[in-house]
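In: Here is a sequence with its predicted model. Questions after.
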Amino acid sequence: MALNILIVDDSALTRKKIRRIIEMADFEVDEFLEARNGAEALEILGKSEVGLVLADLNMPEMGGDEMIYRIKSNKATKSIPVVVVSTESRTTRVKELLAEGVKAYLHKPFTPEEFREIIQTVWNSPKVETKNVSEALTQALEAMAFLTSLPMEDDLVVPQETILAEIDFIGARNGSIQIIAGLDFGRILAENIGNLTEPDREAACDALQELSNVTCGLFLPVLTSTTADPFAVTVPRLKTCDNSSQWHEFIADLNSVILNIEGYMVATRLIMKD
């Protein structure tokens, strides 16, 4: 889902930083629009199609409070989601903003992961269980291959040749877990799991299949409060691609979570079918 994002902040440096963080989050944006204050923002909203407004509060000429009031009072703009991005930390003020129609609040500075979570909240996408899957994946990588999840960095290389593993579960709830990684990461994974020297493509694919199996097993207890609810799990399916198109298509989904696994980007996604 691509959209136009309007960033409203009186600091050009801050606007640039916010834009960079959004790009690091691999969120698909058609166009970034910028305004130095609320008055400029309202002018842009009057002539451009905007899908999301990220707004500071303290700005000259027209601050965020008045701008938000005018956006929500105007029939043409009241449905546009507004997320406040500010250093404001007072709980009562945040509650007031939410009561005025603001969708969410991001405290400066924020991370790419926090931005993705906020966007999921804005569009009411499920995030708790998706987070549980990423945690299960991290746990599986540590247990199987002694690989650790690190904070995201902006210079990580996008995987080119990719392997997508998908496993279905059927039981109290039904769904699928998908994991995508580069072929080079698959080889590292195979090397660590099987103590292999120079693992080939087949070994890399086998490693991703096994990773999806273990991740699914670690995740399923989250879906049920009793061990009396068994799940049937399918054999993992694989889909390979010799360029980065499969990766970009995968992470364009807001339900996907991207991890930095010791310098390699790995992403996962939960698809619930009930």
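Out: Ah, there it is.
In: For the protein, give me the ranges with low pLDDT.
Out: Using pLDDT under 70 as the threshold, the predicted model of the chain has low-confidence ranges 1-2, 89-91, 120-121, 123-129, 224-229, 254, 274.
In: Pop the domain breakdown of it in here.
Out: 3-122, 128-272 (automatic domain parsing).
In: quick one: the helices in the stretch 1-150 of the chain?
Out: In order along the chain, the stretch 1-150 of the chain carries the following helices (DSSP state H, counting those that start in this stretch): 12-24, 38-47, 64-73, 91-99, 112-122, 128-145.
In: if we can go back for a sec, any chance of the domains of the chain in a markdown table, plus mean neighbour count?
Out: In this view, the C-beta of every residue, glycine as well, is placed from N, C-alpha and C. Output for those, formatted as a markdown table (neighbours: other C-beta atoms under 10 Å):
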| stretch | mean neighbour count |
| --- | --- |
| domain 3-122 | 17 |
| domain 128-272 | 17 |
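In: I21 versus G263, what's the distance?
Out: Taking C-beta to C-beta, to the nearest Å as the criterion, G263 is separated from I21 by 20 Å.
In: cool, N4 as well?
Out: From N4 over to I21 (counting by C-beta to C-beta), the distance is 17 Å.
In: show me where the stretch 151-274 of the chain has strands.
Out: With DSSP state E, counting those that start in this stretch as the criterion, the stretch 151-274 of the chain has strands at 162-170, 175-182, 232-233, 237-241, 257-261, 264-272.
In: so which of these comes closest to R93?
Out: Proximity to R93, assessed across the strands of the stretch 151-274 of the chain by C-beta to C-beta, is greatest for strand 257-261 (30.4 Å).
In: and that closest one, what does it pack onto?
Out: Packed against strand 257-261 by the contact rule (3 or more C-beta pairs under 8 Å, 6 or more residues apart in numbering; DSSP states H and E) you find helix 128-145, strand 149-150, strand 264-272.
In: now the longest one against strand 264-272, angle please.
Out: Comparing the axes of helix 128-145 and strand 264-272 via axes from the mean of the first three to the mean of the last three C-alpha atoms, to 10 degrees yields an angle of 130 degrees.
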